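> fold the following, please.
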Amino acid sequence: MEKYRLRLDARFAPSLVVTPQMRLAVKMLQMSNIELSEFLRQKTETNPFVQLETSGPSSALPSDTQGWRAEVEPTDPFAQVIAPVSLREHLMKQLMLMSSDPEKCLLGEVMIDALDPRGYFLPQAKSAVVEVANVSPEQVEALQREMQHFTPVGIFASSLEECFKLQLADSGVLTPAMLQIIDHLELFKNGQFGALQQLCHMDISEIRHCVQKLRTLAPYPAASFSTEPIWPRIPDLIAEDLGGGDWRITVNPETQPAICVDRTYYAEISARARAQEEQKFMRQNFSQALWFETVLQQRAATLVRVTREIVRQQEAFFEKGIHYLKPLCQRQIAEELDVHESTISRVVSSKSLWTPAGIFDLRLFFSSGVPDCGEENIVRTSRSVSARLRELIQKESPAAPLSDDQLATLLFQQDRIAIARRTVTKHRNTLRIPTATERYRTGQISQWESLHE
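Residues are numbered from 1 along each chain as shown. Have a look, this model is predicted:
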């Protein structure tokens with residue numbers, strides 16, 4: 001009977017009609033909490049029945065939010081909407097352009113938030129990032145060197161001396177003479193040019209030229225953006241670890257917009273309305289106010305539901321650190337929650353999540369990776385595989401460097417990561433690590449030089 005089944009012509013098949021209200025609901029889902037609050041504030045100016053409820057300062061974030069982060073918050077959450085591009089936004093754009101690897105971007109985001117108001121990445125900040133992100137100091141230092149190529153020039157320097165060196169190197173004038181002056185920067189700052197001349201063995205004209213160049217440099221790379229401290233972001237959502245693998249996900253009440261529909265005022269005004277146009281205006285605006293109230297409730301429920309699933313999928317990351325970031329695509333979340341993939345895309349757009357390890361953009365939890373054959377069936381990100389390869393090579397004997405075949409074997413034996421030799425070669429080349437033969441030759445040369453010093 002199958003061949004006799006009636007088939008509907010596509011022209012007569014039912015289709016979904018997208019109404020203006022549906023488009024607006026989708027747009028509201030995509031907005032961040034602060035963007036949505038500004039949008040609703042504008043609606044209160046045209047709709048007499050919509051009142052925007054604003055929450056004052058509260059302790060919405062868990063008490064351990066601060067940690068190594070600054071213990072201050074902006075007094076006006078809308079300042080971030082109308083203000084010029086902040087240093088943080090400027091650096092985040094460069095970070096996203098530099099790498100599409102979510103693990104690298106997450107670590108970079110933590111490091112950006114650890115900058116001091118001058119734009120320096122101090123040693124104590126590095127130690128805090130190592131602890132919070134559960135990564136090695138070498139990983140932080142390597143990424144710091146990469147981000148020192150960002151603008152403003154001098155950003156991510158660990159000291160004033162390093163800040164000057166970065167600026168001079170960028171201009172192509174980091175000469176041996178300039179390096180000597182910077183190494184004795186205290187004398188320069190105190191105006192002791194005679195002592196500077198003696199220590200650096202340079203004539204006064206050369207000293208004067210170097211000093212003039214140093215005076216053109218910016219001691220504080222962040223100064224061109226703002227003289228105010230770098231405020232931490234106010235997150236859209238909060239993830240609290242309750243222990244035992246349980247997490248509480250909530251929309252941050254400090255940024256979650258809420259409206260109050262004035263039903264009493266509507267009853268009073270509509271009762272006095274006589275003209276048909278007035279009555280129509282009242283009904284339309286009151287209906288719109290009720291619709292906004294419903295959409296806000298649905299939006300909050302969707303944000304929590306999607307974020308809870310992201311946290312569940314990335315539980316190892318939250319418990320063990322950045323090396324355990326799991327490759328994840330938006331389709332997986334959509335299938336798990338039985339929603340359209342575009343819904344997940346809109347939820348993660350422009351949203352940030354507070355976690356015990358810091359505040360992260362939700363989109364950074366999505367990536368690709370390689371399979372892990374361990375009993376826990378973990379999937380490792382490419383970044384964590386690269387980091388593990390670097391560790392193995394750093395620990396190898398200079399007299400017997402590990403070949404790519406041996407590295408692939410060790411990855412499987414020690415970490416239960418099954419990848420082919422050619423994949424190891426690809427990761428090694430990305431890390432700009434020479435072949436085993438080249439590393440052996442370099443080791444032999446270094447050993448010869450040390451014997452003849």
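
> and the helix or strand in which residue 384 is found, what's buried?
If you go by DSSP states H and E, residue 384 is part of helix 382-395. Neighbour-count burial for helix 382-395, counted by 16 or more other Cβ atoms under 10 Å, picks out 382-390, 392-393. C-betas here are computed from N, CA, C, even on glycine.

> kindly report the same for stretch 340-352.
For stretch 340-352, the neighbour count (16+ other Cβ under 10 Å) marks 343-348, 350-352 as buried.

> give me the contacts around it.
Around stretch 340-352, the neighbours that count as contacts under Cβ atoms under 8 Å, 6 or more residues apart in numbering are 26, 29-33, 35, 233, 235-237, 302-303, 306-307, 310, 330-331, 333-334, 337, 359-363, 365-366.

> list buried residues within those.
Judged by 16+ other Cβ under 10 Å, buried ones among the contacts of stretch 340-352: 29-33, 35, 233, 235-237, 302-303, 306-307, 310, 330, 333-334, 359-363, 365-366.

> which ones among those are found in strands?
Among the buried ones among the contacts of stretch 340-352, the ones falling in strands (DSSP state E) are 237, 359-361.

> using CSV, lay out those residues together with distance to residue 408 and pLDDT.
What follows is these, written out as CSV (distance: Cβ to Cβ, whole Å; pLDDT from 0 to 100):
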residue, distance to residue 408, pLDDT
237, 40, 94
359, 37, 83
360, 32, 87
361, 34, 87
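
> what is the nearest of the buried residues of helix 382-395 to residue 136?
Set against residue 136, the nearest of those by Cβ to Cβ is residue 387 (7.7 Å).

> ok, now which ones touch that closest one?
Per Cβ under 8 Å, 6+ apart, neighbours of residue 387: 135-136, 139, 323.

> before we move on, what about residue 404?
When contacts are counted by Cβ under 8 Å, 6+ apart, residue 404 touches 421, 424-425, 428, 435-436.

> which one is it nearest to, not counting chain neighbours?
residue 424 (4.5 Å; Cβ to Cβ, 6 or more residues apart in numbering).

> contact partners for the one you found?
Residues near residue 424 by Cβ under 8 Å, 6+ apart: 389, 404, 407-408, 411.

> the residue nearest in space to the middle of the chain sits in which helix or strand?
Among the residues of the chain, the one closest to the centroid is residue 109, at 3.9 Å (Cα atoms, centre = their mean). Secondary structure assignment for residue 109, by DSSP H and E: helix 102-113.

> and that helix, what does it pack onto?
Using 3 or more Cβ pairs under 8 Å, 6 or more residues apart in numbering; DSSP states H and E, the elements in contact with helix 102-113 are helix 87-98, helix 123-133, helix 137-147, strand 358-361, helix 382-395.

> the strand or helix carrying residue 169: what's the following helix or strand?
Element membership of residue 169, judged by DSSP H and E, is helix 160-171. As assigned by DSSP H and E, the chain's next helix or strand after helix 160-171 is helix 176-183.

> returning to that earlier point: distance of the residue nearest to the centre of the chain from residue 388?
Look at residue 109 and residue 388: by Cβ to Cβ, to the nearest Å, they are 22 Å apart.

> likewise residue 405?
Taking Cβ to Cβ, one finds residue 405 at 16 Å from residue 388.

> what of residue 19?
Distance from residue 19 to residue 388, by Cβ to Cβ: 52 Å.
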